[in-house]
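[1] A structural model of the following input is requested.
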Amino acid sequence: MSAGMPFYVSPEQLMKDRADFARKGIARGRSVVVLAYDSGIAFVAENPSRALHKISEIYDRIAFAAVGKYNEFENLRVAGVRYADLRGYSYDRSDVTARGLANAYAQTLGTVFTQESKPYEVEIVVAEAGAGPETDQVYRLTYDGSVADEHGFVAMGGGAEQIETALEEQWRPGLHLAEALALAVRLLGTDPGGGAARELTPEQLEVAVLDRHRPRRCFRRIQGPLLDRLLSSDDPTADVPDVDEPDSARSEATNPQTQRPDRDGGTSE
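    I've put the predicted structure just below:
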């Protein structure tokens with residue numbers, strides 16, 4: 001073979017290699033569970049960091065959750081906030097929807113997957129709380145821009161397949177918030193390899209909800225004593241009280257202190 005002849009890789013093999021690369025990166029990440037409950041949509045992630053969020057607000061009734069490389073999904077989150085703000089300002093706030101945002105993310109992820117030197121090692125969920133459970137929207141997007149319309153629940157990250165199998169058996173419509181959180185936390189602690197289950201503490205968790213009964217802005221972080229109370233409550237019908245927790249989600253998009261690479265220099269979160 002001539003020294004000047006370029007090495008040939010078929011398009012099929014190139015796409016397969018990129019997909020395998022992205023899947024391995026995502027599988028190393030800690031899992032995130034998104035599931036519906038009686039008053040909205042709950043997001044539960046294994047994430048001990050209080051600064052590097054995997055769950056964030058995008059707009060009035062829309063939230064974002066992700067697994068994979070922090071710096072990559074943080075870029076997507078910021079782009080989503082800017083997309084939503086610009087569309088809401090230019091047209092009307094009701095024109096900002098999870099479907100539109102998912103389509104924008106799909107185009108970005110698809111372009112990166114096919115044209116850049118490496119794909120994004122991320123998997124994301126975009127969710128919107130509707131006026132009732134039947135109008136909730138949950139979209140799951142993978143590294144190559146594929147979009148799936150999910151109903152009831154979705155799991156991402158390492159062990160996602162095992163968690164979703166358990167959710168199919170144990171989740172049901174109309175769960176109260178305490179019940180939904182207990183189910184998600186229990187499944188996040190399972191070992192994909194079949195080992196002993198871990199008991200996750202509130203300090204190891206990042207939890208937020210889209211509460212459809214809140215005025216306009218539905219997103220709310222659940223943390224501190226409130227999370228302790230919901231996870232340890234003897235009353236499974238316990239729900240989130242009306243008093244707001246401190247929430248700086250909207251400031252994250254413009255706060256330069258949060259725009260930094262992940263703690264491990266780019267490893268999956």
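[2] okay, now the unreliable bits of the stretch 51-200 of the chain?
    For the stretch 51-200 of the chain, applying pLDDT under 70 flags the ranges 193-195.
[3] in it, which spans are helices?
    Taking DSSP state H, counting those that start in this stretch to define them, one finds helices in the stretch 51-200 of the chain at 70-90, 98-115, 160-170, 177-188.
[4] could the ones you listed go into TSV alongside mean neighbour count and distance to residue 137?
    In short, each C-beta sits where N, CA and C put it, glycine included. Formatted as TSV, the helices of the stretch 51-200 of the chain follow (neighbours: other C-beta atoms under 10 Å; distance: least, C-beta to C-beta, whole Å):
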stretch	mean neighbour count	distance to residue 137
helix 70-90	18	14
helix 98-115	18	4
helix 160-170	15	18
helix 177-188	22	18
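[5] Throw these into a markdown table and include distance to residue 49, thanks.
    Below are the helices of the stretch 51-200 of the chain laid out as a markdown table (distance: least, C-beta to C-beta, whole Å):
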| stretch | distance to residue 49 |
| --- | --- |
| helix 70-90 | 9 |
| helix 98-115 | 23 |
| helix 160-170 | 20 |
| helix 177-188 | 15 |
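[6] those helices: which one's closest to residue 126?
    For residue 126, the closest of those is helix 98-115, at 4.9 Å, according to C-beta to C-beta.
[7] can you list the helices and strands that that closest one packs against?
    Applying 3 or more C-beta pairs under 8 Å, 6 or more residues apart in numbering; DSSP states H and E, we find helix 98-115 packed against helix 11-27, helix 70-90, strand 122-128, strand 137-141, strand 147-150.
[8] and those as JSON lines, adding distance to residue 211?
    Putting the helices and strands packed on helix 98-115 into JSON lines (distance: least, C-beta to C-beta, whole Å) gives the following:
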{"stretch": "helix 11-27", "distance to residue 211": "29"}
{"stretch": "helix 70-90", "distance to residue 211": "19"}
{"stretch": "strand 122-128", "distance to residue 211": "12"}
{"stretch": "strand 137-141", "distance to residue 211": "15"}
{"stretch": "strand 147-150", "distance to residue 211": "19"}
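[9] and those: which comes nearest residue 184?
    Among those, strand 122-128 sits nearest to residue 184 (C-beta to C-beta), with 13.3 Å.
[10] report the contact partners of the spatially closest residue to residue 185 that is not a sequence neighbour.
    The shortest distance from residue 185 to any non-neighbouring residue, by C-beta to C-beta, 6 or more residues apart in numbering, is to residue 200 (5.5 Å). Neighbour list for residue 200: 46, 185, 188, 189 [criterion: C-beta atoms under 8 Å, 6 or more residues apart in numbering].
[11] closest one of these to residue 213?
    residue 185 (23.2 Å).
[12] may I see the buried residues of stretch 31-45?
    For stretch 31-45, burial by neighbour count (16 or more other C-beta atoms under 10 Å) applies to 31-37, 39-45.
[13] check contacts around the spatially most central residue of the chain.
    Nearest residue to the geometric centre of the chain (C-alpha atoms, centre = their mean): residue 65, 1.7 Å. Applying C-beta under 8 Å, 6+ apart to residue 65 gives the contacts 32, 34, 43, 45, 54, 55, 56, 124, 125, 127, 156.
[14] among those, name the ones in strands.
    Those of the contacts of residue 65 mapping onto strands are 32, 34, 43, 45, 55, 56, 124, 125, 127, 156, per DSSP state E.
[15] and the last one, bridged to which residues?
    The one in question is residue 156. residue 32 (DSSP bridges).
[16] give me the distance between it and residue 29.
    Counting by C-beta to C-beta, to the nearest Å, the gap from residue 156 to residue 29 is 8 Å.
[17] what about residue 229, how many residues nearby?
    Neighbours of residue 229 under the rule other C-beta atoms under 10 Å: 16.
[18] show me what counts as buried in the helix or strand hosting it.
    In this structure, residue 229 sits in helix 224-232 according to DSSP states H and E. If you call a residue buried by 16+ other C-beta under 10 Å, then helix 224-232 has these buried ones: 226, 227, 229, 230, 231.
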